[in-house]
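Chemist: Could you look at this predicted model? Sequence included:
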Amino acid sequence: EERLVESGGDTVQAGGSLTLSCAASGFPFDDYAIAWFRQAPGKERQGVSCISSNGGSTYSIDAIKGRFTVFRNDATDTAYLRIDDLNTEDTADYYCAAGWGYCLGRDSWSREWTYWGQGTQVTVSS
């Protein structure tokens with residue numbers, strides 16, 4: 001069975017850091033791009049960062065560049081999203097998704113994402 005399981009969400013103070021994990025199983029992780037999305041309360045889901053298959057290229061939206069780092073460990077079938085200098089606008093449920101191949105820059109969010117995790121909650125207090 002194909003699965004993605006996120007973890008690492010927490011309640012943190014503004015200015016802090018978190019690293020979210022996305023553990024994959026049941027499919028050839030190396031061949032899949034991983035994207036991170038978030039959905040804040042009352043808002044639409046937003047794509048934030050993407051990393052291509054086989055440790056390839058990354059893409060992040062301008063609004064979070066410099067604070068979000070996406071990386072992966074193909075040896076452990078796990079992808080990560082590190083968030084630095086958290087602010088209250090980062091409060092959201094964070095989801096990872098897997099799709100074969102590569103990120104597509106700003107078109108990454110509209111491509112097909114085959115597998116989705118259940119999400120992990122990040123709350124930032126001021």
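Modeler: Happy to help now that I have it.

Chemist: beta partners for the most centrally placed residue in the chain?
Modeler: The centre of the chain sits closest to W36, judged by CA atoms, centre = their mean, with a distance of 2.4 Å. Beta-bridge partners recorded for W36 (DSSP bridges): S49, C96.

Chemist: What segments of the chain are helices?
Modeler: With DSSP state H, there are no helices along the chain.

Chemist: Now do the strands in it.
Modeler: 3-7, 11-13, 18-25, 32-39, 46-51, 58-60, 68-73, 78-83, 92-100, 115-116, 120-125 (DSSP state E).

Chemist: which parts of stretch 119-126 are buried?
Modeler: By neighbour count on 16 or more other CB atoms under 10 Å, the buried set for stretch 119-126 is G119, T120, V122, V124. The C-beta positions use only the backbone N, C-alpha and C, and glycine is treated the same way.

Chemist: Over to stretch 91-110?
Modeler: 91-99, 102-104, 108-109.

Chemist: farthest pair in these?
Modeler: Pairwise distances across the buried residues of stretch 91-110 (CB to CB) peak at 30.0 Å, for the pair T91 and Y102.

Chemist: Buried residues of stretch 42-53, list them for me.
Modeler: Buried residues in stretch 42-53 (16+ other CB under 10 Å): G47, V48, S49, C50, I51, S52, S53.

Chemist: OK, contacts around the fourth one?
Modeler: Contact criterion CB atoms under 8 Å, 6 or more residues apart in numbering gives A33, I34, A35, W36, T58, Y59, S60, V70, C103, S108 as the residues in contact with C50.
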